[in-house]
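Asker: Based on what follows, work out the 3D shape:
(one chain, ligands or ions: 1)
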Amino acid sequence: MLTQTFGYAQREHGAFRSVHCRHLVQLFICLLSPLKQSLFTHMDYRGSLALIAFVIVLLKFIEKLFSKRRLPFPPGPSPQLLSGNIRDLPTKQPWLTYTEWGRCYGDLVHATAFGQHIVIVNSVKTAVELFEKRSHTYSDRPVITMIDLMGWESNIAFMHVGNRWRQQRRMFQQHFRPDASRNYRPTQMNKVHQLLQGLLSSPQDFRELIKTLAAAIIMSTVYGYEVKPSNDRFVSLSESAVQKVGESVFPGAVAVNAFPILKYLPSWMPGAGFQRFAAESRQLVQEMREVPYNFVKQNMRDGVDSKSMVAKLLEASQARGRSDEDAIQAAAAVAYAAGADTVSPFNFQNIFFQLFPEIQTVSALASFFLAMALHPGIQKKAQHEIDTVVGTHRLPEFEDRPSLPFVEALYREVMRWKPVLPLGLAHGTSAHDVYNGYFIPKGATVLGNIWAMTRDESFYPEPECFNPDRFFTADGRLNNDDTILAFGFGRRICVGRHYADATVWATMVSVLATFHIAKAKDSAGNEIDIDPNNYSDGFISHPLSFACSINPSV
Ligand code: HEM
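Answerer: Residues are numbered from 1 along each chain as shown. Presented below is the predicted three-dimensional model:
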């Protein structure tokens, strides 16, 4: 009922606004037409430009006057006339600035950039109200034109809400909901045990090893494919496509994102190099989708594969007499891109890299190693629990999880302390909305500031402190704060979260059971300091290189 009332208000508001805007434009056309002839024939080129600029400024001014009649946008930094808050929008670790804005302006902050509205949600309460209770309005994604041009538009994470997104989301859910995810546990544990072997022989390569682990788990699940530790042919194919994404930050590509109309420029025109670049990328993405997919089909013909996600989807689609090949290929490719091994610090700056689940898993695990090197006391407590419950004659299993509350709290704290995507993935509004008396327009980009939510001192006192004990009640039981905010919100919440949760937990508990992680020492035997805040600047928060020693527990 409440939602319907808001819906009504927003429609009223939208209609009211567009009628007045139309009148405004008509009024100006009328005013200008008698002048047009004389001005444009007698004035020089610069004069015409000045006139146009004057008209734009006047229109903006009148729109501003007019806007006093409507509900305000949520509070935020004051915008400039045309460029909005482009100067205020941070490029480095933006979640920190947005958290500051939250302290200054409140739960909901508004900014603009060249007419694009950006709304930042800084509290769990408001995130639930908007992303969950009003999910019909807040579940879209913003338009990023270059993504479409480059052939990545079939990636579910960037898709607009619609039948195609629903179909792919359903496919993912069938294969990654809690009961289905359980089927992958043997594979996950098996690959984690391979990681332990790798750590034993080359502990200094732990970053590479956790990257291989995440790619190996997901490729085996989705395609029934075993990734080779080096020079893997599928991985190099996805590397090329992903590399292209990393390169898509040249001015033409940036311009087409800011002014989508430029996508209609023919590729031969000067300045339209982005069209040729996009065509090359489309070709690579196509190959990346088809090659592993054909691998599964061949295996099925040979009677080898029937357990992978793609094989099961194909069987189900054939049984229904339908051809969902395109959707199956696209859904699987989300995971496949994850196998790419080209993740340099430069690439982490790129918004596209939010797409790749493998990177998110790797980032969470790297934060775990970092936290353990920094907090030996906490590590010892977790190891003591594992030794007491599991003993030292076998490795931990998933079945042990309910009996290991401290390890559970440790997992929650790793995911809270350094959320992998501190701003989640941007949502978009599919209709105008009014919330707490503020107007939120259709097409706005809405960011859930997970960083601010995990820093809310009323839930997490001393939020920068790594402290798993915060998840226990006064009488020593695990509390019920088990929502991992790092997985996002509402209808767009991470669809692989149960599976990712299992990978991260299994890796943590197995490493703790077998290894001791500490700060590395220099040649003089002094500990090398680790800066807990030395994280990447881009949209994914990823610990930058740090040294630690990893030795088998005795
Ligand atoms: C620690 C690991 C991971 C983290 C922290 C993580 C986090 C996220 C976040 C924050 C979102 C956006 C949610 C939103 O829009 O509100 C997301 C979306 C998504 N994630 Fe994950 N993710 C992880 C691993 C995975 C894995 C392993 C898979 C695949 C098996 C996966 C598949 C997806 C997909 C397909 C979406 C897009 C959903 C949509 O737009 O409808 N993620 N993830």
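Asker: Can you list the buried residues in the helix or strand harbouring V256?
Answerer: In the assignment (DSSP states H and E), V256 maps to helix 251-258. For helix 251-258, burial by neighbour count (16 or more other C-beta atoms under 10 Å) applies to G252, A253, V256, N257. (C-beta placed from N, C-alpha, C; glycine too.)
Asker: nearest to P270, of those residues?
Answerer: G252 (10.3 Å; C-beta to C-beta).
Asker: gap between the residue lying closest to that closest one once chain neighbours are set aside and V362?
Answerer: Closest residue to G252 in three dimensions, ignoring its sequence neighbours and counting by C-beta to C-beta, 6 or more residues apart in numbering: F274, at 3.8 Å. According to C-beta to C-beta, to the nearest Å, F274 stands 30 Å off from V362.
Asker: what do you get for L421?
Answerer: As judged by C-beta to C-beta, L421 and V362 stand 13 Å apart.
Asker: Next: A316.
Answerer: To V362, A316 is 31 Å away according to C-beta to C-beta.
Asker: picking that back up, I'd like the next helix or strand past the helix holding V256.
Answerer: The first helix or strand that comes after helix 251-258 along the chain, using DSSP H and E, is helix 273-301.
Asker: now for the helix or strand hosting D148, which elements pack on it?
Answerer: Per DSSP H and E, D148 falls inside helix 145-149. Using 3 or more C-beta pairs under 8 Å, 6 or more residues apart in numbering; DSSP states H and E, the elements in contact with helix 145-149 are helix 251-258, helix 273-301.
Asker: does any part of it sit near the ligand?
Answerer: No - contact of helix 145-149 with the ligand is not found when judged by C-beta under 6 Å from any ligand atom; the minimum separation is 12.8 Å.
Asker: got the angle for the helix holding V256 vs helix 273-301?
Answerer: 80 degrees (axes from the mean of the first three to the mean of the last three C-alpha atoms, to 10 degrees).
Asker: pretty sure I550 is touching F206, no?
Answerer: Yes - if you go by C-beta atoms under 8 Å, I550 and F206 touch, sitting 6.0 Å apart.
Asker: where do the contact lists of the two overlap?
Answerer: L199, F369 (C-beta atoms under 8 Å, 6 or more residues apart in numbering).
Asker: How about the contacts made by the residue nearest to I530 when sequence neighbours are not counted?
Answerer: Ranked by C-beta to C-beta, 6+ apart and with sequence neighbours excluded, the top spatial neighbour of I530 is F546, at 4.9 Å. Residues counted as contacts of F546 (C-beta under 8 Å, 6+ apart) are L370, A373, I530, D531, N534.
Asker: what's the closest of the residues you listed to the ligand?
Answerer: L370 (14.8 Å; C-beta to the nearest ligand atom).
Asker: Enumerate every residue touching that closest one.
Answerer: Taking C-beta under 8 Å, 6+ apart, we find L370 in contact with K418, I530, P532, P543, F546, C548.
Asker: average pLDDT for the strand or helix carrying it?
Answerer: With secondary structure defined by DSSP H and E, L370 is part of helix 357-374. When pLDDT is averaged over helix 357-374, the result is 89.
Asker: right, and the helix or strand after that helix?
Answerer: Going down the chain from helix 357-374, the next helix or strand is helix 376-390, by DSSP H and E.
Asker: Can you name every helix or strand that that following helix contacts?
Answerer: Counting by 3+ C-beta pairs under 8 Å, 6+ apart, helix 376-390 packs on helix 357-374, helix 405-417, helix 497-514, strand 515-519.
Asker: and the angle from the third one to helix 405-417?
Answerer: In other words, helix 497-514. Relative orientation of helix 497-514 versus helix 405-417 (the same axes, to 10 degrees): 120 degrees.
Asker: can you give me the angle helix 497-514 makes with strand 515-519?
Answerer: Using the same axes, to 10 degrees: helix 497-514 against strand 515-519 is 90 degrees.
Asker: which stretches of this structure form strands?
Answerer: Here the chain has its strands, by DSSP state E, at 108-113, 116-121, 427-428, 433-435, 438-440, 445-448, 515-519, 548-552.
Asker: So for T392, which of these sits nearest?
Answerer: When the strands of the chain are compared by C-beta to C-beta, strand 548-552 sits nearest T392, at 12.0 Å.
Asker: Could you please name the strands that closest one pairs with and the direction of each pair?
Answerer: strand 515-519 (antiparallel) (DSSP bridges).
Asker: which residues sit in contact with the closest residue to Y499 other than its chain neighbours?
Answerer: Among residues not flanking Y499 along the chain, S181 sits closest, at 4.5 Å (C-beta to C-beta, 6+ apart). By C-beta under 8 Å, 6+ apart, the contact list for S181 reads H498, Y499, A502.
Asker: Any idea how many residues pack against the last one?
Answerer: Number of residues near A502 (other C-beta atoms under 10 Å) recorded here: 21.
Asker: Who are the contact partners of the closest residue to it other than its chain neighbours?
Answerer: Of all residues not flanking A502 in the chain, Q188 sits nearest, at 5.7 Å (C-beta to C-beta, 6+ apart). Applying C-beta under 8 Å, 6+ apart to Q188 gives the contacts I217, A502, T503, A506.
Asker: what separates the last one from K191, distance-wise?
Answerer: Distance from A506 to K191, counting by C-beta to C-beta: 9 Å.
Asker: before we move on, back to that, ok, the residue nearest to Y499 to the ligand distance?
Answerer: Look at S181 and the ligand: by C-beta to the nearest ligand atom, to the nearest Å, they are 9 Å apart.
Asker: what's the answer for K133, then?
Answerer: From K133 over to the ligand the distance is 15 Å, taken as C-beta to the nearest ligand atom.
Asker: same thing with M453?
Answerer: M453 is 12 Å from the ligand, by C-beta to the nearest ligand atom.
Asker: Tell me the pLDDT of that residue.
Answerer: Value listed for M453 in the pLDDT field: 98.
Asker: same deal with F16?
Answerer: Value listed for F16 in the pLDDT field: 36.
Asker: Pull the contacting residues for N467.
Answerer: I378, E413.
Asker: Look up how far the ligand lies from it.
Answerer: Taking C-beta to the nearest ligand atom, one finds N467 at 20 Å from the ligand.
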